[in-house]
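In: sequence-free structure coming up:
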């Protein structure tokens, strides 16, 4: 344990000697205060290069256009024929009002008055009439040849795909496009059906304005007003489908990533350099790598401190036990001494009684002689009084000795009780710091669980960095439309774990538990899924099941620190401190392996 603590101290001392500022404290655009060197090997995803690679690969999937040429052709032909017929009717009615007849002869058609009539009619009509067509209508000809010629010119423009001039924002065509036949512009095909459409070069597409310009080029300068009116009848026969294109590209493009490798001891950023997106991701990942090391160091120090405290507690308990044993021996000696004194008192009492009995017998024997000689001797009888006083003195001395020994025994017992009370109080005081340390472990577990729930998202950084480029660059290289809706394909284990963690963070443990169980249904021995399921069961108060999940995760991968930390934290909250300490020791031995 001491060697491990020293190793952790050396690692952390090397890290903090290299840079005084926390790597995660740097923001984009900051300047490095000193050289920052990684003490461990790192594999860091380059967000900008990854985003560019993905956009390049996406462009290899053709853009999808919905093609409805038949509907467009029919609609354009119908509009043209209706406009042609209406214009002819209006022309003949106007000619009748001016010339009072619908059919004119050659002289009238060649007259200046007819030319002025055509000019006046075209000013009030949206469909200008050419002099040749006006002569045909005035001469009684319906102008079917001209009608067929113009309609054929319009339809010829739709023999190629004609798209609108404007494209959706962030819609990039690429080298090829795929036409998806549909019945009309509002019909939405499925992604599977879109794969059956013909593939053409992007250069085969023409814009609506280009098709109109090409059509007007077939008319003379004087016929341009008529050509403009006819060109307005042309409309696109295909439109881009941005959502369908995005779905196809997301499905076809694999999850590419560009990874930069840093060896242990390699410089990430030098003093004075500016922190960019790539460097920021590397610094954040370095910070994540250092968290388990710092946690291991803290756990090692706390473990060593706890061992010292336990040793002091054991020493105090041993001293108390020795003191108690000494008091017990002293009390035993006192009891033996009291028993000896009691026995001695009994013997003396017996001797005294025997002496009194003997004196009484002798007194009876000599009573007569004493009475006979009383007159002559005149001596008082004091022998019996002396014996009584002697027995009473012996008895009082023995009782005083016993009382003194009793007082000393009570004092010894009181001292023992006082020492035991002090020992219990000391043990309680030592228990409080131990509880505080276990609570600090619990705080570290919660902190580590929160960071696991919210890992750094390089893809988000990449998205923000890629958006910062110019609009022209986005038009050429990127596509930022929303991702396809979920459910197009079965969710993978990482997707289920991410969704479950989001629900757990939103305080929805029951829904989160369903996601984790679904992930375990796909991979029953998935250690990370078992750990997350245990966390959801803790939220639901199903503690025994949570412990079972952590045990299964440890059985699947015994080197995962997070499993021991979660299990130790649960034991700590259940006041099972010995088991919690064992889990934390196991966490130290695994040296910080945390699920990605």
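Out: Looks like it came in fine. Quick caveat, the model's predicted, so the values are computed rather than measured.

In: so residue 67 bridges to which residues?
Out: Per DSSP bridges, the residues bridged to residue 67 are residue 181, residue 238.

In: Surely it touches residue 241?
Out: No - the pair formed by residue 67 and residue 241 falls short of the contact definition of C-beta atoms under 8 Å, at 10.3 Å. Where C-beta positions appear, they are placed from N, C-alpha and C, glycine not excepted.

In: and those two? which has more neighbours close in?
Out: Here residue 67 and residue 241 are set side by side on neighbour count (other C-beta atoms under 10 Å), and the busier one is residue 67, at 25 against 22.

In: what's the pLDDT at that one?
Out: Per-residue confidence for residue 67 comes out at a pLDDT of 93.

In: now swap in residue 446 and tell me
Out: Predicted confidence (pLDDT) at residue 446: the value is 61.

In: could you pull out the strands for the chain?
Out: Per DSSP state E, the chain carries strands over the ranges 36-37, 42-45, 63-67, 162-163, 176-181, 199-201, 206-207, 238-240, 259-262, 267-269.

In: how near is residue 69 to residue 182?
Out: 10 Å (C-beta to C-beta, to the nearest Å).

In: So if I had to pick from those two, which one is more boxed in?
Out: The residue with the greater number of neighbours, taking residue 69 and residue 182 and applying other C-beta under 10 Å, is residue 182; the counts read 21 against 17.

In: Grab the nearest non-local neighbour of that one.
Out: Leaving aside its sequence neighbours, residue 182 sits nearest to residue 66 (C-beta to C-beta, 6 or more residues apart in numbering; 4.9 Å).

In: Run a quick neighbour tally on the one you found.
Out: The burial metric for residue 66, expressed as a neighbour count using other C-beta under 10 Å, is 23.

In: Quick check: the gap between it and residue 251.
Out: Using C-beta to C-beta, which is the criterion applied here, residue 66 is 18 Å from residue 251.

In: ok, residue 80 touching residue 232?
Out: No - using C-beta under 8 Å, residue 80 is not in contact with residue 232; the gap is 10.5 Å.

In: For the stretch 401-550 of the chain, which segments count as helices?
Out: For the stretch 401-550 of the chain, applying DSSP state H, counting those that start in this stretch gives helices covering 458-467, 471-477, 493-505, 509-522, 527-539, 543-556.

In: Looking at the ones you listed, which is nearest to residue 126?
Out: Between residue 126 and these, the shortest gap by C-beta to C-beta is with helix 471-477, which sits at 36.9 Å.

In: what about that closest one, average pLDDT?
Out: Predicted confidence along helix 471-477 averages 35 (mean pLDDT).

In: got the domain boundaries for the chain?
Out: 70-175+203-237, 304-437, 489-590 (automatic domain parsing).

In: most packed of those domains?
Out: Among the domains of the chain, domain 489-590 has the highest mean neighbour count (mean count of other C-beta atoms under 10 Å), at a mean of 19.

In: distance between it and the chain's centre?
Out: 14 Å (C-alpha atoms, centre = their mean, to the nearest Å).

In: Same question for stretch 27-37.
Out: Averaged over its C-alpha atoms, stretch 27-37 has a centre that lies 27 Å from its chain's centre (C-alpha atoms, centre = their mean).

In: Buried residues of that stretch, list them for me.
Out: Of the residues in stretch 27-37, 30, 32, 36, 37 count as buried by neighbour count, 16 or more other C-beta atoms under 10 Å.

In: per-residue confidence for the residue nearest to residue 94 when sequence neighbours are not counted?
Out: By the measure of C-beta to C-beta, 6+ apart, the closest residue to residue 94 outside its immediate chain neighbours is residue 121, 5.4 Å from it. With respect to pLDDT, residue 121 has a value of 92.

In: before we move on, what about the one 3 residues further on?
Out: Among the per-residue scores, residue 124 shows a pLDDT of 86.

In: again with residue 33
Out: 85.

In: right, and it touches residue 271 too?
Out: Yes - contact between residue 33 and residue 271 holds when scored by C-beta under 8 Å: they sit 6.7 Å apart.

In: The nearest residue to residue 46 once chain neighbours are set aside: neighbouring residues, count only.
Out: Closest residue in space to residue 46, ignoring its immediate chain neighbours: residue 258 at 4.5 Å, by C-beta to C-beta, 6+ apart. Using other C-beta under 10 Å, residue 258 has 16 other residues around it.

In: ok, residue 258 - contacts?
Out: Listed by C-beta atoms under 8 Å, 6 or more residues apart in numbering, the contact partners of residue 258 are 45, 46, 49, 50, 53.

In: try it again with 6 Å
Out: Listed by C-beta atoms under 6 Å, 6 or more residues apart in numbering, the contact set of residue 258 reads 46, 49, 50, 53.

In: Just the buried residues from those residues, in ChimeraX please.
Out: Typed into ChimeraX, the line below selects the buried ones among the contacts of residue 258, using 16+ other C-beta under 10 Å:
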select :46,49,50
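
In: Mind picking the two most distant members of the contacts of residue 258?
Out: With distance counted by C-beta to C-beta, no two of the contacts of residue 258 lie farther apart than 46 and 53, which are 9.2 Å apart.

In: tell me the phi and psi of the closest residue in space to residue 229 that isn't next to it in sequence?
Out: Counting by C-beta to C-beta, 6+ apart, residue 229 lies nearest to residue 127, which is 5.2 Å off, once chain neighbours are set aside. When quoted as degrees, to the nearest 10, the phi and psi of residue 127 stand at phi -110, psi 100.

In: For residue 127, report the pLDDT, please.
Out: The predicted local confidence for residue 127 comes out at a pLDDT of 89.

In: quick one: it and residue 137, what's the gap?
Out: The separation that residue 127 has from residue 137, given C-beta to C-beta, amounts to 13 Å.

In: Helices along the stretch 51-200 of the chain, start to end?
Out: When assigned using DSSP H, counting those that start in this stretch, the helices of the stretch 51-200 of the chain occupy the ranges 69-99, 106-110, 112-123, 131-138, 144-156, 191-194.

In: Just the buried positions in the last one, please.
Out: It stands for helix 191-194. When burial is assessed from 16+ other C-beta under 10 Å, helix 191-194 yields the following buried residues: 191, 194.

In: circling back: can you say which of the domains of the chain is nearest to residue 24?
Out: Closest approach to residue 24 among the domains of the chain (C-beta to C-beta): domain 489-590, 19.8 Å.

In: and the helices of the stretch 401-550 of the chain as TSV, adding distance to residue 576?
Out: What follows is the helices of the stretch 401-550 of the chain, written out as TSV (distance: least, C-beta to C-beta, whole Å):
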stretch	distance to residue 576
helix 458-467	40
helix 471-477	58
helix 493-505	24
helix 509-522	22
helix 527-539	14
helix 543-556	10
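
In: Of all these, which one comes closest to residue 207?
Out: helix 471-477 (15.5 Å).

In: list the contacts for the closest residue to residue 500 other than its chain neighbours?
Out: Leaving out its chain neighbours, the residue that sits closest to residue 500 by C-beta to C-beta, 6+ apart is residue 515, at 3.2 Å. Listed by C-beta under 6 Å, 6+ apart, the contact set of residue 515 reads 496, 499, 500.
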